[in-house]
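Asks: Would you be able to build a 3D model of this:
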Amino acid sequence: MKRLYFLLLAALCAGKVQAQDKPNVMLIIADDLAYNDIEPYGSKQVHTPNLSRLAQQGVCFDNMYTSTAMCSPTRQQLLTGLYPVRNGAYPNHSHVNTGTKSVAHYMQSLGYNTAIIGKRDFGPDESFPFTFLGGKNMDYGKGRDIELEKAEAYINSSKKPYFLVVASNQPHVPWNRGNPAMYPPGEIKVPEWMVNTPLTRKGLSKYFAEVTYLDSLVGVCLDIVKRSGKEENTVIIFTSEHGSQFPFAKWTCYDEGLKTGFIVKWPGHTQAGTRNPAFTQYVDVVPTLVDIAGADPASFNTGNKDAYGNSKFDGMSFKNVILGKANGFRDYVFGVQTTNGIIKGSDSYPVRSVRNNRYLYIRNLNNKEQFSNVATAAPMYQSWLKTGNEADFRRAKAYTNRPAEELYDCVKDPFQLVNLADKSEFNAVKQQLRTQLDKFMAQQGDKGVETEKRAPEHRAGQGEGD
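Replies: Numbering: from 1, shown residues only. Predicted structure coming up:
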């Protein structure tokens, strides 16, 4: 009997130690940040020392993609592990379908406290049962939009492992944070996918300043974790969300819209200062977090069925990629863009895409209409049309007037400037990607134009600035 007692005591102690050993997780989300406008992803113009510090301590993912270049759908796919049409939050300013669960449910069931500070941009509340530590969805320079001392207090008071989302508003417009004097417009090198005008350089100056301001917030977060005494057992993830609010970036399915920066630091598990080329997608993040927390992602019911009645995640765990045990993961990543719900957006301009490690295929399902949004009405875009240069004019018009299909060789043409869809030598590639996109849309219950028409049913109210 005494032996049995000690065996039971040992088992209980082991279980307690195991629970305490679950890693804490801090997920830092930027807002409208192009992946290649930070130092770890090649920027030579924008000063981001804290993101460089994080990258030097962890692993950078070189092929992480969101499936929607808009804030609300991006955040809700990231937190549910489900693509936008399936979870219901495919237009901007939308809510997921009733009954859909999120990472907050899963991590709580695994013994975690869960909280978010800053921008939420999701709903309904029952699908995202986080403790809210304060913050604003949008801030126009009217004060602090994120009080990180509250995050520090939460971390230090947590008696359980914690999952904390730090959701910044930067560098979302109106680009009024940071010091633009650091980036004189006349000295800025304009990326080749943009049109070089004085207004473009002025916009980039303000945007770059706000990226550097965001970087300072990342530094505060890193220091908070270090001061907590829990750094060695804390996973820190930074992600850039989706592209910046310039034409051909946010609200599109080009790489400047969907490709994201994604950095993971997990002391004792990630190899410092490394990069991984594996193709991953935001829907894979929740299954990975569940796996890191010690559970099988396949055992969870998301509360949401796909077109075939499956209630499992759309995503898969890429824990082995984080650990450096694999350099491959997905063969394809997918894009979904809905204009209905964007400020000054087209009434119906659904865009769908699929990408592999070389080619990007885009389908503009209602291309006879003109693509529009708040960016096309802005003075900067209008300046692109009026340079007097025919090449500039064609580039600007390519944003609003698009063919039914687009195909790009992303290795030779990283900024998607040369459409190959009409080239017969690429017919086989195009057909392969068409087939994969059709399969994806069928699984999601995505009927294209018909689904776009139903977007107003999912909108939760017009937000600011998106």
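Asks: From here on, just use CA atoms for contacts and neighbour counts.
Replies: Noted.
Asks: my guess is residue 269 meets residue 325, correct?
Replies: No - the pair residue 269 / residue 325 is not scored as a contact, 10.6 Å apart, by CA atoms under 8 Å.
Asks: Run through the bridge partners of residue 132.
Replies: residue 116 (DSSP bridges).
Asks: Okay, it and residue 452: tell me how far apart.
Replies: The gap separating residue 132 from residue 452 is 32 Å, by CA to CA, to the nearest Å.
Asks: between those two, who's got more neighbours?
Replies: residue 452 (23 against 15; other CA atoms under 10 Å).
Asks: residues contacting the more buried one?
Replies: Going by CA atoms under 8 Å, 6 or more residues apart in numbering, residue 452 touches 338, 340, 348, 349, 350.
Asks: which of those residues tops the neighbour count?
Replies: Top of those by neighbour count (other CA under 10 Å): residue 338, with 30 neighbours.
Asks: so what's that residue up against?
Replies: Taking CA under 8 Å, 6+ apart, we find residue 338 in contact with 90, 91, 92, 348, 349, 350, 351, 452, 455.
Asks: Switch those over to TSV; also include pLDDT.
Replies: Below are the contacts of residue 338 laid out as TSV (pLDDT from 0 to 100):
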residue	pLDDT
90	97
91	95
92	92
348	91
349	94
350	96
351	98
452	94
455	92
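Asks: Just put the residues you listed in CSV and tack on distance to residue 444 and secondary structure.
Replies: Formatted as CSV, the contacts of residue 338 follow (distance: CA to CA, whole Å; DSSP: H, G, I helix; E, B strand; the rest coil):
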residue, distance to residue 444, secondary structure
90, 11, coil
91, 15, coil
92, 18, coil
348, 19, coil
349, 18, coil
350, 15, coil
351, 15, strand
452, 13, helix
455, 15, helix
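Asks: can you pull out the helices in the stretch 301-450 of the chain?
Replies: Counting by DSSP state H, counting those that start in this stretch, one finds helices in the stretch 301-450 of the chain at the ranges 319-322, 379-384, 390-400, 427-444, 449-453.
Asks: Quick one: distance of the shortest one to the chain centre.
Replies: Taking CA atoms, centre = their mean, to the nearest Å, one finds helix 319-322 lying 18 Å from the centre of the chain it belongs to.
Asks: Please identify the buried residues of it?
Replies: By neighbour count on 16 or more other CA atoms under 10 Å, the buried set for helix 319-322 is 319, 321, 322.
Asks: Check those residues against residue 424 and report the nearest one.
Replies: Relative to residue 424, the closest of these is residue 321; by CA to CA it sits at 36.8 Å.
Asks: my read: the closest one touches residue 277, true?
Replies: No - using CA under 8 Å, residue 321 is not in contact with residue 277; the gap is 9.3 Å.
Asks: Quick check: neighbours shared by these two?
Replies: 327, 328.
Asks: now the contacts of residue 452 as TSV including distance to residue 145?
Replies: Output for the contacts of residue 452, formatted as TSV (distance: CA to CA, whole Å):
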residue	distance to residue 145
338	28
340	28
348	33
349	33
350	33
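Asks: For residue 193, list the residues it contacts.
Replies: Residue 193 neighbours (CA under 8 Å, 6+ apart): 248, 415, 417.
Asks: So which of the residues you listed wins on neighbours?
Replies: Counting by other CA under 10 Å, top hit in the contacts of residue 193: residue 248 with 24 neighbours.
Asks: Can you tell me the element residue 106 falls in?
Replies: Using DSSP states H and E, residue 106 sits within helix 103-109.
Asks: Please apply the same query to residue 166.
Replies: strand 162-167.
Asks: Adjacent strands (with direction) for that strand?
Replies: strand 24-29 (parallel), strand 113-118 (parallel).
Asks: rewinding a little: tell me which of the helices of the stretch 301-450 of the chain approaches residue 310 most closely.
Replies: The closest of those to residue 310 is helix 427-444. By CA to CA, the value is 9.4 Å.
Asks: list the buried ones in the closest one?
Replies: Neighbour-count burial for helix 427-444, counted by 16+ other CA under 10 Å, picks out 430, 433, 434, 436, 437, 440, 441, 443, 444.
Asks: quick one: low-confidence ranges for the stretch 351-466 of the chain?
Replies: Applying pLDDT under 70 to the stretch 351-466 of the chain picks out residues 461-466.
Asks: Ignore what I typed, I meant the chain.
Replies: Within the chain, the ranges that satisfy pLDDT under 70 run 1-20, 137-143, 461-466.
Asks: repeat that with 90
Replies: 1-21, 93, 135-145, 340-347, 459-466 (pLDDT under 90).
Asks: which stretches of this structure form strands?
Replies: Under the criterion DSSP state E, the chain contains strands at 24-29, 59-65, 113-118, 131-132, 162-167, 234-239, 259-265, 274-281, 333-337, 351-355, 359-364, 405-409.
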